[in-house]
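Q: Return atomic coordinates for the entry below.
(chains A and B)
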Amino acid sequence: MTFPLDQIFVVAKQWMRGYVPPIAWPVTSAILSVVPILIAFPLLFAITTLLERKGLGRIQNRYGPNRTGPWGLFQPIADGVKSLTKEDIVPLTADHAVHFLAPLLLVAAAFLAYAVLPIGRNMVLVDLNAGVLYFFAVGSVVELAVFMAGWSSRSKYSLLGAMRAIAQMISYEVPLVLATVVVIMQAGSLSTVSIVEKQEGYSGIWLHAHSGFIGIIPHWFVFTPWGFVGFVLFMIAATAESNRSPFDLPEGESEIIAGYYIEYSGFKFALFFLGEYLGMFATSGMAITLFLGGWNAPFSFFTWIPTYVWFFAKLLTLIGGFIWIRGTLPRLRMDQLMNLAWEFILPMAILNMLVAGVWHFMPGGPLRWLVCIVIIAIPCVLLSRRLKRKKKFEIRTYSFAN
Amino acid sequence: MTVAFFILALLTVAGTAAAMGLRNAVHCVLALTLGFAGVAAIYLQLDAQFVGLTQIMVYVGAVAILAVFAIMMTHSPGPAKPAAYSSYWILGGLVAAAVFAVLAWAIHSDSASLQPEVTVQQIGDALMHHFVLPLEIMGLLLTAALIGAVVIAMDRSEEPK
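A: Residues are numbered from 1 along each chain as shown, chains lettered A, B, ... in the order given. Down below sits the predicted model:
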């Protein structure tokens, strides 16, 4: 079932393409697909900065920005003007070329990830048959940009921040990828579009013939034992990947001030900010695609609402969750961060692959649910008890900092 | 032979050439990464999505970071100034020419065969059915190397006591 409003952007693109000669079609349709992404997500970034400051303000029992425009709504514009007009300071000893390139590379890599995200029905830039792989390949470029920023600034704080960020990103990239493997196993495809299509459909009740079928439980992967565990692990790893609280050690204000971008000012600083949020949106979009049914509506009687509205509604919900967590949880210590990744999330992600296999080969029914939940729950309890154990600390000897 | 190929080839050659010529070791790694990315883009342009994306993931995402870490942990601060051209350049040139000749001969003699359309799914099927034993052996080898690396790293930290 398609509704006219749902395909309005697709139709509009076809209509606009009709005005150029057929030779220029590939270029035109590429531009017409890329430009909306380049507008929509930075706009979402502007909205999110306001939402975050307002939300954190509420959590910390204060108002947040409320002076610029009604209820502080124009705050993002003021922030943008401020960062554009600020002086661009480059440290004297900095490596100028690398220092200049790092923020550009970060933002470019963050934007590239959007190419495979299905934002609505028929609304994906390219449907690669290795779409998920592409997403993670592009994501791994971010680490290099972070290193370039930290190294080229010639500052201890920058370098420490970059080292922390890279160690954290590498540690959490492994569980991030392993958490998605279950979805790929079940969907049998690496294409984001076909993963979303696999999650179409509903379980529900048949009412009398008049009103027909009412679907209340969507066939999203999150509503299976392996999907739920995968989703939780993916979101934890995604929070760490985007350097957000409680995993914000790379930019811990009380320790290393701002981490790898401390020596950046003005618009370059804004670019880092933009890149970080774009990365967060892209990973959230991937979580939606993999686990939360992509652009599918949660109930069958809501399918008349356009699919892109559902995608952005889910995205804003996840962003809200990120803000809530940032306002609630304290920062982890470095050893806690690494232990969580290697001793809890990684074993659980590998175990989850086993669960996905069991789920696939067992006949459907309550027994399958029970077996899968038992396989997950017992190791989960044991591993988290291990994490809680008191650890003895000794005086550390530093090999490289002396 | 399209415009895109020439741009990518130029990027790859320029990147790898700069990796050999630059004085600062970190600059060399960054230039080499550009070369890796160029090769990956050429793979992608040839519709070899799996190889291309794995190239980015492994070389740009992992090998470059590893090289950079290695430089920072072993290198003295400040750029070193070794000679940009080794005295073995004739030997190196010969090896490079030999490799190029073998590759050119292999590609030229095989040009008649059509390029098959290989999807990621086919690669996965081949790895899981036909090549499952080599895959497992590779996995075992890598695990052994990993454990060895951990053991070597642990040894050092226990010495000071």
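
Q: and the residue nearest to A:Phe111 when sequence neighbours are not counted, what element?
A: Once flanking residues are discounted, A:Phe111 sits nearest to A:Leu278: 6.5 Å by C-beta to C-beta, 6 or more residues apart in numbering or on different chains. Where C-beta positions appear, they are placed from N, C-alpha and C, glycine not excepted. Applying DSSP states H and E as the criterion places A:Leu278 in helix A:266-290.

Q: what element comes up after that helix heading to the C-terminus?
A: helix A:307-328.

Q: and the angle from that next one to helix A:266-290?
A: Per axes from the mean of the first three to the mean of the last three C-alpha atoms, to 10 degrees, the angle that helix A:307-328 makes with helix A:266-290 is 110 degrees.

Q: For helix A:307-328, what does the pLDDT average out to?
A: Taken as a whole, helix A:307-328 has a mean pLDDT of 89.

Q: Show the secondary-structure elements that that helix is packed against.
A: Judged by 3 or more C-beta pairs under 8 Å, 6 or more residues apart in numbering or on different chains; DSSP states H and E, the packing partners of helix A:307-328 are helix A:25-59, helix A:225-241, helix A:266-290.

Q: 6 Å instead?
A: Helices and strands touching helix A:307-328, by 3 or more C-beta pairs under 6 Å, 6 or more residues apart in numbering or on different chains; DSSP states H and E, are helix A:25-59, helix A:266-290.

Q: now that helix, how far from the chain's geometric center?
A: Mean C-alpha position of helix A:307-328 versus that of the full chain (C-alpha atoms, centre = their mean, to the nearest Å) differs by 10 Å.

Q: Pull out the buried positions in it.
A: Of all the residues in helix A:307-328, those buried under the rule 16 or more other C-beta atoms under 10 Å in any protein chain shown are A:307-308, A:310-312, A:314-315, A:318-319, A:322-323, A:325-326.

Q: can you check stretch A:53-67 too?
A: Buried, per 16+ other C-beta under 10 Å, within stretch A:53-67: A:Arg53, A:Lys54, A:Gly55, A:Leu56, A:Gly57, A:Gly64, A:Pro65.

Q: where's B:Leu135, which helix or strand?
A: helix B:132-158.

Q: so does that helix get close to chain A?
A: No. Helix B:132-158 lies apart from chain A when judged by C-beta under 6 Å from any C-beta of the partner chain; the minimum separation is 7.9 Å.

Q: Quick check: the farthest pair among the buried residues of helix A:307-328?
A: A:Thr307 and A:Arg326 (29.1 Å; C-beta to C-beta).

Q: picking that back up, with the buried residues of helix A:307-328 in mind, which one is nearest to A:Ile262?
A: Closest approach to A:Ile262 among these (C-beta to C-beta): A:Arg326, at 20.1 Å.

Q: what about that closest one, distance to chain B?
A: Distance of A:Arg326 to chain B, computed by C-beta to the nearest C-beta, to the nearest Å: 27 Å.

Q: Run a quick neighbour tally on the residue nearest to that residue when sequence neighbours are not counted.
A: Among residues not flanking A:Arg326 along the chain, A:Ser245 sits closest, at 4.1 Å (C-beta to C-beta, 6+ apart). A:Ser245 has 20 neighbours, counted by other C-beta atoms under 10 Å in any protein chain shown.

Q: Show me what counts as buried in the helix or strand in which B:Ala14 is found.
A: Assigned by DSSP H and E, B:Ala14 belongs to helix B:3-21. Buried residues in helix B:3-21, defined by neighbour count with 16+ other C-beta under 10 Å: B:Leu8, B:Leu11, B:Thr12, B:Gly15, B:Thr16, B:Ala18, B:Ala19.

Q: and what of stretch A:242-252?
A: A:Ser242, A:Asn243, A:Arg244, A:Ser245, A:Pro246, A:Phe247, A:Asp248, A:Leu249, A:Pro250, A:Glu251, A:Gly252.

Q: Pull the distance from that stretch to the chain's centre.
A: Distance of stretch A:242-252 from its chain centroid, counting by C-alpha atoms, centre = their mean, is 14 Å.

Q: quick revisit: unless I'm mixing things up, the residue nearest to A:Arg326 is touching A:Trp324, no?
A: No. Here A:Ser245 does not reach A:Trp324: they are 10.6 Å apart, not a contact under C-beta atoms under 6 Å.

Q: List just the nearest of the buried residues of helix B:3-21 to A:Leu159.
A: Of the buried residues of helix B:3-21, the one sitting nearest to A:Leu159 (C-beta to C-beta) turns out to be B:Ala19, at 22.4 Å.

Q: contacting residues for that closest one?
A: Contacts for B:Ala19 were tallied using C-beta atoms under 6 Å, 6 or more residues apart in numbering or on different chains; they are B:Cys28, B:Ala31, B:Leu32.

Q: ok, back up a step: same question for the helix holding A:Leu278, mean pLDDT?
A: The model assigns helix A:266-290 a mean pLDDT of 89.

Q: rewinding a little: among the contacts of B:Ala19, which are within reach of chain A?
A: Among those, not one lies near chain A by C-beta under 6 Å from any C-beta.

Q: now these as TSV including distance to A:Gly215, secondary structure and neighbour count?
A: Output for the contacts of B:Ala19, formatted as TSV (distance: C-beta to C-beta, whole Å; DSSP: H, G, I helix; E, B strand; the rest coil; neighbours: other C-beta atoms under 10 Å in any protein chain shown):
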residue	distance to A:Gly215	secondary structure	neighbour count
B:Cys28	58	helix	17
B:Ala31	55	helix	19
B:Leu32	53	helix	20
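
Q: Helix or strand: which one has B:Val68?
A: Taking DSSP H and E as the criterion, B:Val68 maps to helix B:64-74.

Q: contacts for that helix?
A: A:Glu143, A:Leu144, A:Phe147, A:Phe400, B:Ala25, B:Val29, B:Thr33.

Q: now, among the residues you listed, which is nearest to B:Tyr88?
A: Taking the contacts of helix B:64-74 together and measuring to B:Tyr88 by C-beta to C-beta, the closest member is B:Ala25, at 19.2 Å.

Q: contacting residues for the closest one?
A: Listed by C-beta under 6 Å, 6+ apart, the contact partners of B:Ala25 are B:Ile71.

Q: which residue sits closest to A:Asn66, ignoring its sequence neighbours?
A: Nearest residue to A:Asn66, sequence neighbours excluded (C-beta to C-beta, 6+ apart): A:Gly72, at 4.2 Å.

Q: ah, wrong one, I meant A:Asp127
A: Spatial nearest neighbour of A:Asp127, chain neighbours left out: A:Val193 (4.6 Å); criterion: C-beta to C-beta, 6+ apart.
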